[in-house]
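[1] Let me see the structure of the following:
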Amino acid sequence: LLRSPEERIQELAVGTVRNLSVQHDNKLRIVQEGGLAPLIALLKSPVVNILQHGAASLRNLSVREGNDVKIPIEGGLPPLITLLSHPSAEVQLHACGAIRNMSVNEENKVKIARDVGLRPLIELLSSSVVEIQEQAVIALRNLCANSENQSKVVQEGIIPPLVAMLRAYEENLQMLASACVRNIGLDPASKVALVEAGVLPPLVALLGSINPGVQEQTAAALRVLSANPDNQTRIVEEGGLGGLIDLLRSDNKDVQEHACGALRNLSVNEEARVDMVHEACMPP
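    Residues are numbered from 1 along each chain as shown. As a prediction, the model looks like this:
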């Protein structure tokens with residue numbers, strides 16, 4: 001029925017598959033019965049409802065281990081990437097969610113970048129729909145665990161929307177954006193680019209968050225950025241020492257670890273050492 005020439009039948013059939021694909025065992029059965037190829041073919045439909053159901057079905061299926069590899073093999077990535085720019089927010093959401101699920105796989109990290117998936121994901125960071133922003137930044141965070149993608153996303157313009165997301169009201173976006181900065185900053189050149197583009201002021205401000213997840217990811221990002229000598233001076237100038245020292249008193253061991261790691265990096269810097277004493281990090 002997914003291959004029916006009648007769009008109404010296609011819509012009913014793919015809507016049924018979408019509902020069935022929520023169930024764990026069905027995620028395997030649908031693929032075993034050859035459901036991927038017709039679902040992927042429907043991603044080129046001119047009917048918005050079919051696109052929504054098709055992308056949502058693939059999003060559900062891609063959660064199951066193994067399916068995240070099979071979907072790209074069947075040619076699912078290019079049409080899903082195309083749908084990231086579709087006028088329908090729901091189509092964007094489900095396409096982005098599917099790509100987010102597949103971005104965990106190491107081979108897919110390379111394939112998504114190769115299939116020109118970075119720029120449309122970056123554009124969705126500025127979406128007016130928070131859930132779309134979340135799916136996009138998680139996908140990019142995952143993709144930036146690959147060293148080759150860290151410099152590519154900078155070239156594609158990720159830093160300005162990431163800086164804006166760090167200033168967002170939603171704490172989950174703040175946390176995810178900080179985690180993305182952390183991964184991008186593992187690339188030596190990107191450490192400098194991030195700081196030059198203004199990532200430090202919002203990161204330092206987020207050290208004062210009461211959310212442990214935001215604290216952890218922000219401290220982790222500053223830990224990575226502070227490995228660069230020039231960034232060490234900038235972090236001190238932006239007032240980062242006080243916030244990092246405060247986090248040493250956190251009840252969360254991960255928060256403590258990253259704050260301590262950042263301060264260790266900063267302690268190499270002469271100016272930072274003096275200011276640490278001034279900030280009462282240690283007795284004079």
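[2] lowest-pLDDT helix or strand in the chain?
    Across the helices and strands of the chain, the lowest-confidence element by mean pLDDT, DSSP states H and E is helix 270-278, at a mean of 68.
[3] how near is the nearest residue to residue 232 once chain neighbours are set aside to residue 261?
    For residue 232, ignoring the flanking residues on the chain, the nearest one in space by Cβ to Cβ, 6 or more residues apart in numbering is residue 269 at 4.1 Å. For every residue, glycine as well, the C-beta is placed using N, CA and C. Plainly put, residue 269 is 15 Å away from residue 261 if you go by Cβ to Cβ, to the nearest Å.
[4] Check residue 141 and give its pLDDT.
    What the model reports for residue 141 is a pLDDT of 97.
[5] now swap in residue 5 and tell me
    pLDDT, read off for residue 5, is 88.
[6] Same question for residue 269.
    76.
[7] Please report the distance of it from residue 68.
    For residue 269, the distance to residue 68 - Cβ to Cβ - is 43 Å.
[8] Residue 45 now?
    In terms of Cβ to Cβ, residue 45 sits 23 Å off from residue 68.
[9] Look at these two and report which has more neighbours.
    residue 68 (20 against 16; other Cβ atoms under 10 Å).
[10] now for whichever strand or helix holds that one, which elements pack on it?
    In the assignment (DSSP states H and E), residue 68 maps to helix 67-73. The contact analysis (3 or more Cβ pairs under 8 Å, 6 or more residues apart in numbering; DSSP states H and E) places helix 67-73 against helix 24-32, helix 36-41, helix 48-61, helix 89-102, helix 106-114.
[11] Make JSON lines from these and add mean neighbour count, distance to residue 201 and mean pLDDT to it.
    Listed next are those as JSON lines, based on neighbours: other Cβ atoms under 10 Å; distance: least, Cβ to Cβ, whole Å; pLDDT from 0 to 100:
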{"stretch": "helix 24-32", "mean neighbour count": "15", "distance to residue 201": "44", "mean pLDDT": "95"}
{"stretch": "helix 36-41", "mean neighbour count": "19", "distance to residue 201": "44", "mean pLDDT": "96"}
{"stretch": "helix 48-61", "mean neighbour count": "26", "distance to residue 201": "36", "mean pLDDT": "97"}
{"stretch": "helix 89-102", "mean neighbour count": "25", "distance to residue 201": "28", "mean pLDDT": "98"}
{"stretch": "helix 106-114", "mean neighbour count": "17", "distance to residue 201": "29", "mean pLDDT": "94"}
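[12] Check what contacts stretch 142-153 and list those residues.
    100, 103-104, 106, 109-110, 112-113, 118, 121-122, 140, 180, 183-184, 186-187, 189-190 (Cβ atoms under 8 Å, 6 or more residues apart in numbering).
[13] my guess is the residue nearest to residue 232 contacts residue 231, does it?
    No: using Cβ atoms under 8 Å, residue 269 makes no contact with residue 231, being 9.5 Å away.
[14] More neighbours: which of the two?
    residue 231 (25 against 19).
[15] buried set for the one helix or strand that one maps to?
    Assessed by DSSP H and E, residue 231 sits inside helix 229-237. The neighbour-count check on helix 229-237 (16 or more other Cβ atoms under 10 Å) flags 231-232, 234-236 as buried.
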